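Asker: give me a model of this one.
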Amino acid sequence: MKPSDLLKLPKNLRKSYGDLNVSDSVKRYESWLERREQAKTQDDKYDHTETVSEYYDLFTELMQFGWNESLHFAPIAPDETLEEAIVRHQRHMIKKLELREGMNVIDVGCGLGGPLRRVAKESGARVLGINNNEQQLEKAKLKTTEAGLDHLTEYRECNFMDMSSIEAGSYDAGYAIESTCYAPDKERAYAEIFRVLKPGALFWGQEMCLTNVFELEDEQHCAIRDEIKFTLALSDIFKFDEVNRALETVGFEIVEAGDQEVENGSSVSWYQPMEGLTSSLRSWLRVPGGRSTLAGGVRLAEVVGMFPKDSWRVIELLDRQADAYVAGGKSSIYTPLYCFLARKPESR
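Answerer: Numbering: from 1, shown residues only. Predicted structure coming up:
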């Protein structure tokens, strides 16, 4: 990130929000848990998929500004930046999935298409990215065109809870990076992925999980879990064995699975970019001082109309989200790096 990118933020944020009323959207987001519980007691319909889409409408532009166009975590080595770690992690996935030219691959919940573009560019495989958030899809398409990768990629607005528009058994491999953690029904999401893969196809997943350290009887553990759920719009957070059980229930064979940070023996915690790694302007904006400075600066700039009203509140919600991540990581009860490689049996 260059200092000039900071000057472009007001224009980019206004463009991203479009006709969205940020103040009303923030209020609605802050009430999502209350609305879900109210729907249960009053037998009303609550669609968590809609909440997740609203979450990304509010946060996508600011997340890519402060994090990366690949909106996911990665195990970090002592001698690398977050950006380098993300690239290495994506290449690790490409290797595990044995991706190569001529294959058809599905990216389930493609976000802004960061991993998709790396897969297409470095493996030569054709990739379909599905996403039910229109704003993210448009940004992904633009970035992919700019990268000159249109010939290897396709995007489709689609909810991974219902991929009936995609023919069964049509993809050679698939992956879902921090996307199926938003599924209100994990088994149903995995079943849809299972259906669209060819027999023998590999599936890579990266899930946000509670670790085996988490104890339901521990009030502090539960408070941290609930804060993570609220700030990330997660319907629930599974433990490792629950993810494995959901995969196996729908028919997948687990080839390998584990917490990538633990398995790699990294001395740099996955949450460090939000706590202390400040080698650049972008990395400074990720840590507490940078986040609070940005929120304060945007709040002042709103007075003269530079930013949409209450944009600073969105930044404060992201600041709260980062604090929740760090609390989950420091207490060792949470990880966004539970990665698995599963296979659809040849007989299916």
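Asker: only C-alpha atoms for contact and neighbour calcs from this point on.
Answerer: Will do.
Asker: okay, strands next: where are they in the stretch 201-348 of the chain?
Answerer: Using DSSP state E, counting those that start in this stretch, the strands of the stretch 201-348 of the chain run over residues 238-239, 253-259, 334-343.
Asker: of the ones you listed, which stretch is the most buried?
Answerer: Most buried of the strands of the stretch 201-348 of the chain by mean neighbour count (mean count of other C-alpha atoms under 10 Å) is strand 334-343; its value is a mean of 24.
Asker: so Ser4 is in which element?
Answerer: If you go by DSSP states H and E, Ser4 is part of helix 3-17.
Asker: mind listing residues that contact stretch 209-223?
Answerer: Stretch 209-223 is contacted by residues Ile237, Phe238, Lys239, Phe240, Ser331, Ser332, Ile333, Tyr334, Thr335, Pro336, Leu337, Tyr338 when judged by C-alpha atoms under 8 Å, 6 or more residues apart in numbering.
Asker: go with 7 Å
Answerer: Ile237, Phe238, Lys239, Phe240, Ser332, Ile333, Tyr334, Thr335, Pro336, Tyr338 (C-alpha atoms under 7 Å, 6 or more residues apart in numbering).
Asker: now do stretch 79-95
Answerer: Residues from elsewhere that reach stretch 79-95 (C-alpha under 7 Å, 6+ apart): Phe73, Ala74, Pro75, Ile76, Pro115, Val119.
Asker: and these, which of them are buried?
Answerer: Phe73, Ala74, Pro75, Ile76, Pro115, Val119 (16 or more other C-alpha atoms under 10 Å).
Asker: tell me the contacts of the residue in the chain sticking out farthest from the centre?
Answerer: Using C-alpha atoms, centre = their mean, the residue of the chain lying farthest from its centre is Val304. It sits 33.4 Å away. Residues counted as contacts of Val304 (C-alpha under 7 Å, 6+ apart): none.
Asker: can you pull out the helices in the chain?
Answerer: Under the criterion DSSP state H, helices of the chain are mapped to 3-17, 22-30, 32-42, 48-66, 82-96, 114-123, 134-146, 186-196, 219-232, 240-250, 260-264, 281-286, 288-303, 311-330.
Asker: quick check: which of those helices is nearest to Leu152?
Answerer: helix 114-123 (6.1 Å; C-alpha to C-alpha).
Asker: next, the buried residues of that closest one.
Answerer: By 16+ other C-alpha under 10 Å, the buried positions in helix 114-123 come out as Gly114, Pro115, Leu116, Arg117, Arg118, Val119, Ala120, Lys121, Ser123.
Asker: off-centre distance for that helix?
Answerer: Distance of helix 114-123 from the chain centroid (C-alpha atoms, centre = their mean, to the nearest Å) equals 17 Å.
Asker: same thing with stretch 80-95?
Answerer: Computed by C-alpha atoms, centre = their mean, the chain-centroid distance of stretch 80-95 equals 15 Å.
Asker: so what's the residue count around the closest residue to Ile166 other than its chain neighbours?
Answerer: Distance criterion C-alpha to C-alpha, 6 or more residues apart in numbering; nearest residue to Ile166, sequence neighbours excluded, is Val196 at 6.8 Å. Residues contacting Val196 under the criterion other C-alpha atoms under 10 Å number 21.
Asker: the chain should start at 3 in everything you say after this.
Answerer: New numbering, starting at 3: the last item is Val198.
Asker: on that earlier part again, relative to Gly291, which of the strands of the stretch 203-350 of the chain is closest?
Answerer: Per C-alpha to C-alpha, nearest to Gly291 of the strands of the stretch 203-350 of the chain: strand 336-345, 23.4 Å.
Asker: quick one: list the elements packing against the closest one.
Answerer: When contacts are defined as 3 or more C-alpha pairs under 7 Å, 6 or more residues apart in numbering; DSSP states H and E, strand 336-345 sits against strand 199-212, strand 255-261, helix 262-266.
Asker: apply 8 Å and report the result again.
Answerer: Contacts defined by 3 or more C-alpha pairs under 8 Å, 6 or more residues apart in numbering; DSSP states H and E place strand 336-345 against strand 199-212, strand 255-261, helix 262-266, helix 313-332.
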